[in-house]
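Asker: Got a predicted structure plus its sequence, pasted below:
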Amino acid sequence: MDNLNDLKAIWQTANTDDLPKSAEMLRLVKKFRNQRLFKKILLIVSAILLLAIMIVVMFIYKSTMLTTRIGEVLFVIACVILVVTNTRSLKRFIDLKDCSNKDFIEFLEQTRRNQVYFYTRTQVIALSVCSLGLVLYPYEFVHANMVWFIGMYGFVALYLGIIWFIVRPRVFKREARKLNETLKRLKKISNQIK
């Protein structure tokens, strides 16, 4: 009987102050879901608006060079890729309503895998298509004047270099760090509850 009292005393003296209440866990899941939903919806709406603007420009502006038309088509393709990939991703976040801690951790791990796949495959394809469009599209406007040509393509090269080698890796690292911190925190909580 003495062992039972010792076990009871240990159980009652365990520090549970750092464990979140169930309401906090629900709030964490809801906050994560709502933030991601808002970003996805904003990105989809922006891509659709850009797509619509590009299609209107294609019909209004009558270009004389094939490079301009190819650039316009590449912009449209990049926008479609962006809309399709984010719409598929949006469905996962909409379906995330009521889930257990374990389900949410699995959801976050799948989100991390999707994030890496997007960074290494989908984003590279879409950004390559968009970059090529950005290189081809302004050629008609600047090909006659060497100063404008050098200035425009110098700016395009600088812009694409910044996007590819500075912005893209930093955004990925920041998003991956946030996701890993959330995942680590939830795993720690889950392991403490077991």
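Answerer: Now that the structure is in, tell me what you want to look at. Computed from a predicted model, the values in this text were never measured in an experiment. Residues are numbered from 1 along each chain as shown.
Asker: Show me which positions of stretch 101-110 end up buried.
Answerer: Of the residues in stretch 101-110, those scored as buried under the neighbour-count criterion (16 or more other Cβ atoms under 10 Å) are 101, 104, 105, 107, 108. The C-beta positions use only the backbone N, C-alpha and C, and glycine is treated the same way.
Asker: Surely the third one is in contact with residue 183?
Answerer: Think residue 105. Yes. With contacts defined as Cβ atoms under 8 Å, residue 105 counts as touching residue 183 at a distance of 6.8 Å.
Asker: What is the neighbour count of the closest residue to residue 33 other than its chain neighbours?
Answerer: The spatially closest residue to residue 33, leaving aside those adjacent along the chain, is residue 96, at 5.3 Å (Cβ to Cβ, 6 or more residues apart in numbering). Here the number of neighbours of residue 96 (other Cβ atoms under 10 Å) works out to 19.
Asker: How about the one 3 residues further on?
Answerer: Using other Cβ under 10 Å, the number of residues around residue 99 comes to 14.
Asker: isn't it right up against residue 29?
Answerer: Yes. Residue 99 sits in contact with residue 29 when judged by Cβ under 8 Å, with a separation of 7.1 Å.
Asker: how close does residue 89 sit to residue 180?
Answerer: Taken as Cβ to Cβ, to the nearest Å, the spacing of residue 89 relative to residue 180 amounts to 18 Å.
Asker: wait, what's in contact with the spatially most central residue of the chain?
Answerer: Here the mean C-alpha position of the chain is nearest to the C-alpha of residue 115 (Cα atoms, centre = their mean), at a distance of 6.9 Å. Taking Cβ atoms under 8 Å, 6 or more residues apart in numbering as the criterion, residue 115 is in contact with 172, 175, 176, 179.
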